[in-house]
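**Q** Turn this into a model:
(one chain, ligands or ions: 1)
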Amino acid sequence: MFELDQSQIQEYQKDKPEYYRQLAMQLESLLSEDTNWVTNLSQTSAFVYQMLPDLNWVGFYLVNSKDPNALILGPYQGKVACVHIPFGRGVCGTAAETLEPQLVADVHAFDGHIACDGDTNSEVVIPMMANGKIAGVFDIDSPVHNRFDQEDADGLTVLLKTLLASTEF
Ligand code: SME
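**A** The predicted structure follows:
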């Protein structure tokens, strides 16, 4: 189930918006069993990790209930990662503070980038809003330089909306 084969990689390269639309429908069905946030963030991380090529880390950093000015590591796929990220630090902290998606072609050129996994060369981070407030960020990393474009950021934003519509926080 949810294997990425060569024909899907070609579909993705040919028409990313359409590919993400298909992913959103599959994700909606995958998340339809329950609204539990741990379950659904875990499933979404694994689904995106499986269904997009050239990724090395996919997951969530959540606003830390014990320190609302910092993020704490949430469900993810990939190598073990740093636990705390203050708002404003690194790519994730910048997304959480500015509420703007961060599309970073070369993480080594990003001031304050936090190198959890040395394999990462580019990343995209999407702020996650729940009930009108920042709840965390969705962080997708790649070993390939300049791996993501605006169509990826838009498509991942759609997947995040699908997740939020299926989940109770
Ligand atoms: N790249 C992030 C840190 C988290 S890891 O990549 C999993 C950043 O600089 O915000």
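**Q** C-alpha only now, for contacts and for neighbours.
**A** Fine.
**Q** which residues sit against the helix or strand residue 50 falls within?
**A** Applying DSSP states H and E as the criterion places residue 50 in helix 37-51. Residues from elsewhere that reach helix 37-51 (C-alpha atoms under 8 Å, 6 or more residues apart in numbering): 2-4, 23, 27, 30-31, 34, 55-60, 75-77, 163, 166-169.
**Q** how about the residues of the chain near the ligand?
**A** 81, 90-93, 113-116 (C-alpha under 6 Å from any ligand atom).
**Q** Using ChimeraX, define a selection of the buried residues within the contacts of helix 37-51.
**A** In ChimeraX, a selection of the buried entries from the contacts of helix 37-51 looks like this (16 or more other C-alpha atoms under 10 Å):
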select :23,27,30,31,55,56,57,58,59,60,75,76,77,163,166,167
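**Q** Among the contacts of helix 37-51, name the ones in helices.
**A** 23, 27, 30, 163 (DSSP state H).
**Q** What separation do you get for the closest residue to residue 140 other than its chain neighbours and residue 102?
**A** Sequence neighbours aside, residue 58 is the residue nearest to residue 140 in space, at 4.5 Å (criterion: C-alpha to C-alpha, 6 or more residues apart in numbering). The spacing between residue 58 and residue 102, counted by C-alpha to C-alpha, to the nearest Å, is 15 Å.
**Q** list the buried ones in the helix holding residue 50?
**A** Neighbour counts over helix 37-51 (16+ other C-alpha under 10 Å) mark 37, 40-51 as buried.
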